[in-house]
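> take this sequence and fold it.
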Amino acid sequence: MREEGWYIDPFGHHEARWISNGAPTALVRDGSVESQDSPPSDPITEPLERIPGTVLTDQDDQKRADDAGVEGFDPNAGARAAFDMMDQIGPGVFWHPKRGRGKGS
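You can find the predicted model right below:
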């Protein structure tokens with residue numbers, strides 16, 4: 001895997017810069033404040049130095065769009081979970097698209 005994570009800003013403009021797939025991004029950090037600053041077009045000449053304590057592992061919850069085996073996004077999952085919750089609470093409390101509006105509908 002190529003470099004991914006927070007590294008000391010190789011351009012010296014900020015404390016840290018997010019590196020993605022070995023390339024600098026616009027995401028920068030100074031202390032605990034994150035902001036955007038496009039990287040200069042100058043090439044990086046020195047080795048990248050990772051910020052201690054920011055090593056990404058296979059157990060991290062961050063996934064790249066091109067990761068093999070990444071579960072697909074299900075845009076209907078949230079709605080299904082909400083309807084399941086309404087089914088558990090019972091009729092008459094919430095409007096349910098399958099049943100109409102409350103009691104007596």
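
> what about residue 19, helix or strand, and which?
Assigned by DSSP states H and E, residue 19 belongs to strand 16-20.

> let me redo that: residue 28
Residue-wise, residue 28 maps onto strand 23-30 under DSSP H and E.

> which residues are in contact with the closest residue to residue 15 other than its chain neighbours?
With sequence-adjacent residues excluded and distances taken as C-beta to C-beta, 6 or more residues apart in numbering, residue 15 is closest to residue 30, at 4.9 Å. Placement of C-beta: from N, CA and C, glycine included. Neighbouring residues of residue 30 by C-beta atoms under 8 Å, 6 or more residues apart in numbering: 14, 15, 16.

> torsion angles phi and psi at the second one?
The one in question is residue 15. Main-chain dihedrals, residue 15, degrees, to the nearest 10: phi -70, psi -40.

> how much space is there between it and residue 85?
To residue 85, residue 15 is 43 Å away according to C-beta to C-beta, to the nearest Å.

> more neighbours: which of these two?
Neighbour tally, residue 15 and residue 85, criterion other C-beta atoms under 10 Å: the higher count belongs to residue 15, 14 against 10.

> returning to what we had before: helices or strands up against the helix or strand that the strand holding residue 28 is followed by?
Counting by DSSP H and E, the element after strand 23-30 in chain order, helix or strand, is strand 33-36. Strand 33-36 sits against strand 23-30, with contacts defined as 3 or more C-beta pairs under 8 Å, 6 or more residues apart in numbering; DSSP states H and E.

> could you redo the last one with a cut-off of 6 Å?
Here strand 33-36 touches no other helix or strand, going by 3 or more C-beta pairs under 6 Å, 6 or more residues apart in numbering; DSSP states H and E.
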